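**Student:** Turn this into a structure:
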Amino acid sequence: MAKPLVLHEDRLFPADKTARAVARRLYAEVKNLPIISPHGHTNPQWFADDTPFPDPATLFIVPDHYIFRMLYSVGIPLESLGIAPKSGKKKVEKDSRKIWRLFAENYYLFRGTPTRMWTDHVFKEVFGIEKALAPDTADKIFDTIQASLKKPEFKPRALYERFNIEAMSTTDSPLDDLKHHKKIKQSKWKGRVVPAFRPDPVVDPEFDGFAANLARLGAVSGENIATWNGYLKALASRRAYFKTVGCTSTDHGHPTAQTADLGKKDCEALYAKVLKGKLTAKEAELFRAQMLTEMARMSLDDGLVMQIHPGSSRNHNPYLLKTFGRDMGADIPTATEYTRALKPLLDRFGNEAKLTIILFMLDESAQSREMAPLAGTYPCLRLGPPWWFFDSPEGMMRFRRNVTETAGFYNTVGFNDDTRAFLGIPSRHDVARRVDCAYLAELVADHRLHEDEAREVAVDLAYNLPKKAYKL
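**Tutor:** Reported below is the predicted structural model:
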């Protein structure tokens, strides 16, 4: 017998009755605030063309590595989930209903995970589904979603407005012509979808296709990338181009947080090796380190907010990388050092109050030991929310406990959803708001914070801080 789909109104709130009552009151103040989504990976073409989403499997499963990663981990081939290999030689399941049934048969795998909470929220709140996803409800839920997707109110722009999204940032290659962003900007639609400048393909010598990317950078910028100065001018030119389409931030997914501040001659000599493609791993890391400092310098000039996402061993599974390409859910956290790694950059720019550098972490041990003290000292630094593996109730709560005593709330930037799953954005923000209210309620119940102050902080975390930090 099908089980009802229930979203308990007190989910994620404290079990203690006194604190729970406070959490309820705080949450009432923030649950309907507009969503600022300052860092994500949604496809701008959705909003440029505003065509209906094709089917439930393509919408929920194929683009969401949180979902297909779990399914793959128990031996389910990605091809059976509709994900095509680069070669095109293997048979790929194209029947959306079969893919959905496979998802439903294995939905139990997500028990206790944030993915389960997010997905149930979408089923209930977006599509009005009353029964939990299971093998015996799979077809009915599929049909309900499929029928909904054909309605005008489920097209991308209508959902954006229904979700009460005020601003959204995508993540884009520096080589992108941003035609979809241009189309959005030139339309009469009032939704705000802006690009973020992600220069990894042209600043990381170990990035796939780096030499070709560098050549393309020279072509699209019109600068001579054969020289160090020309290369920097090309990057500055692309940043300026991104700004014309509304960009307010950059994003850097380096393996480590290492920075450097070399002299010009050393930079020129290192760049010459980059052009020849003859670098050691140590030299490649030094070049990436130098480029973080160069990006900080450019951010001080052009005002773009800088995000640093270190600590991920990307594409750890060589089979997935070779067969399906990058970003297939095989990024694994690594231990990350910040205090010494960031010092060259901070020695030069750390005291610049006009510069904003947002640090993210996958190594939780660094939160209280390094990141909170750094953000509590340097005017340019802010702490980003837990992301990827720690975008979860437990990860968020540990983050607040680890950093608040040293960095406070106002050296953090609220929440960002960091997702490709557009329909899951409201659910992710709802989880974050609930967790923050739960944490604040504990402070109130322990008499460490007045409730009126907690109310102000809750609003700031949900809305004001991300809007201010990302200049949105």
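**Student:** gap between D363 and F389?
**Tutor:** To F389, D363 is 11 Å away according to Cβ to Cβ, to the nearest Å. To be clear about C-beta, it is placed using only N, CA and C from the backbone, and glycine gets the same treatment.
**Student:** the more surrounded of these two?
**Tutor:** Neighbour count, other Cβ atoms under 10 Å: between D363 and F389, D363 has more, with 20 against 15.
**Student:** Look at that one and give its secondary structure.
**Tutor:** Of the three states, D363 takes coil under DSSP: H, G, I helix; E, B strand; the rest coil.
**Student:** So the closest residue to it other than its chain neighbours: helix, strand or coil?
**Tutor:** Spatial nearest neighbour of D363, chain neighbours left out: T336 (4.2 Å); criterion: Cβ to Cβ, 6 or more residues apart in numbering. At T336, secondary structure determined by three-state DSSP is coil.
**Student:** Any idea how many residues pack against T336?
**Tutor:** When neighbours are defined as other Cβ under 10 Å, T336 has 22 of them.
**Student:** Pretty sure it sits against P310.
**Tutor:** Yes - at 5.5 Å, T336 counts as touching P310 under the criterion of Cβ atoms under 8 Å.
**Student:** Mutual contacts of the two, please.
**Tutor:** 256-257, 362 (Cβ atoms under 8 Å, 6 or more residues apart in numbering).
**Student:** Quick one: the strands in this protein, in order.
**Tutor:** Ranges of strands in the chain, per DSSP state E, are 35-37, 165-169, 193-194, 249-252, 305-308, 312-313, 332-333, 357-359, 381-383.
**Student:** Against which helices or strands is the second one packed?
**Tutor:** Counting contacts by 3 or more Cβ pairs under 8 Å, 6 or more residues apart in numbering; DSSP states H and E, the secondary-structure elements packed against strand 165-169 are strand 35-37, strand 193-194.
**Student:** run the last query once more with 7 Å
**Tutor:** Helices and strands touching strand 165-169, by 3 or more Cβ pairs under 7 Å, 6 or more residues apart in numbering; DSSP states H and E, are strand 35-37.
**Student:** avg pLDDT for the strand it packs on?
**Tutor:** What strand 35-37 shows for mean pLDDT is 98.
**Student:** burial of the nearest residue to V305 once chain neighbours are set aside, as a residue count?
**Tutor:** Leaving out its chain neighbours, the residue that sits closest to V305 by Cβ to Cβ, 6+ apart is S249, at 4.2 Å. Neighbours of S249 under the rule other Cβ under 10 Å: 25.
**Student:** repeat for R326
**Tutor:** By other Cβ under 10 Å, 12 other residues sit near R326.
**Student:** List the contacts of the nearest residue to it once chain neighbours are set aside.
**Tutor:** Counting by Cβ to Cβ, 6+ apart, R326 lies nearest to N315, which is 5.7 Å off, once chain neighbours are set aside. Neighbour list for N315: 321, 326, 330-331 [criterion: Cβ atoms under 7 Å, 6 or more residues apart in numbering].
**Student:** what's around E451, how many residues?
**Tutor:** Neighbours around E451, by other Cβ under 10 Å: 15.
**Student:** Surely it touches A21?
**Tutor:** No - look at E451 against A21 with Cβ atoms under 7 Å: they stay out of range, at 10.3 Å.
**Student:** For A458, which residues are in contact?
**Tutor:** With Cβ under 7 Å, 6+ apart, A458 has these contacts: 26, 29-30, 436-437, 440.
**Student:** related to what we said a few turns ago, dump the strands of the chain to a markdown table, plus distance to L149.
**Tutor:** Below are the strands of the chain laid out as a markdown table (distance: least, Cβ to Cβ, whole Å):
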| stretch | distance to L149 |
| --- | --- |
| strand 35-37 | 21 |
| strand 165-169 | 19 |
| strand 193-194 | 20 |
| strand 249-252 | 30 |
| strand 305-308 | 33 |
| strand 312-313 | 33 |
| strand 332-333 | 34 |
| strand 357-359 | 35 |
| strand 381-383 | 38 |
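**Student:** Nearest spatial neighbour of the residue positioned nearest the centre of the chain, chain-adjacent residues omitted?
**Tutor:** Nearest residue to the geometric centre of the chain (Cα atoms, centre = their mean): D418, 2.0 Å. Closest residue to D418 apart from its sequence neighbours, by Cβ to Cβ, 6+ apart: W387 at 5.0 Å.
**Student:** just P386 next, same as before
**Tutor:** G395 (4.2 Å).
**Student:** that older thread, which residues are in contact with both of D363 and F389?
**Tutor:** With Cβ under 7 Å, 6+ apart, D363 and F389 have common neighbours P333.
**Student:** rewinding a little: quick one: closest of the strands of the chain to A48.
**Tutor:** With Cβ to Cβ as the measure, strand 193-194 is the member of the strands of the chain nearest A48 (8.4 Å).
**Student:** Pairing partners for the closest one, with directions?
**Tutor:** strand 165-169 (parallel) (DSSP bridges).
**Student:** least confident pick among the shared contacts of T336 and P310?
**Tutor:** Lowest pLDDT among the shared contacts of T336 and P310: L362, 94.
**Student:** Just give me the neighbour total for that one.
**Tutor:** Neighbours of L362 (other Cβ under 10 Å): 21.
**Student:** Can you give me the distance of it to P333?
**Tutor:** For L362, the distance to P333 - Cβ to Cβ - is 4 Å.
**Student:** Could you list the low-pLDDT ranges of the stretch 251-400 of the chain?
**Tutor:** Counting by pLDDT under 70, not a single residue of the stretch 251-400 of the chain qualifies.
**Student:** Which stretches in it count as helices?
**Tutor:** Assigned helices in the stretch 251-400 of the chain, in chain order: 264-276, 281-302, 318-324, 343-349, 365-366, 372-375, 393-407 (criterion: DSSP state H, counting those that start in this stretch).
**Student:** which residues are contacting the third one?
**Tutor:** Same thing as helix 318-324. 78, 83, 85-86, 315, 328, 330.
**Student:** repeat that for 10 Å
**Tutor:** With contacts defined as Cβ atoms under 10 Å, 6 or more residues apart in numbering, helix 318-324 is touched by 68-69, 72, 78-79, 83-87, 89-90, 208, 314-315, 317, 326-330.
**Student:** Next up, the contacts around the nearest residue to T42 once chain neighbours are set aside.
**Tutor:** Leaving aside its sequence neighbours, T42 sits nearest to F422 (Cβ to Cβ, 6+ apart; 5.0 Å). Counting by Cβ under 10 Å, 6+ apart, F422 touches 37, 40-43, 46-47, 53, 59, 63-64, 122, 156, 159-160, 163, 165, 168.
**Student:** Please spell out the PyMOL selection for the buried subset of these.
**Tutor:** Here is the PyMOL selection string for the buried members of the contacts of F422, based on 16 or more other Cβ atoms under 10 Å:
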select buried, resi 37+40+41+42+46+47+53+59+63+64+122+156+159+160+163+165+168
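**Student:** Narrow the contacts of F422 to those in helices?
**Tutor:** 46-47, 59, 156, 159-160 (DSSP state H).
**Student:** Where does confidence bottom out across those?
**Tutor:** Among the ones in helices among the contacts of F422, L59 has the lowest pLDDT, at 92.
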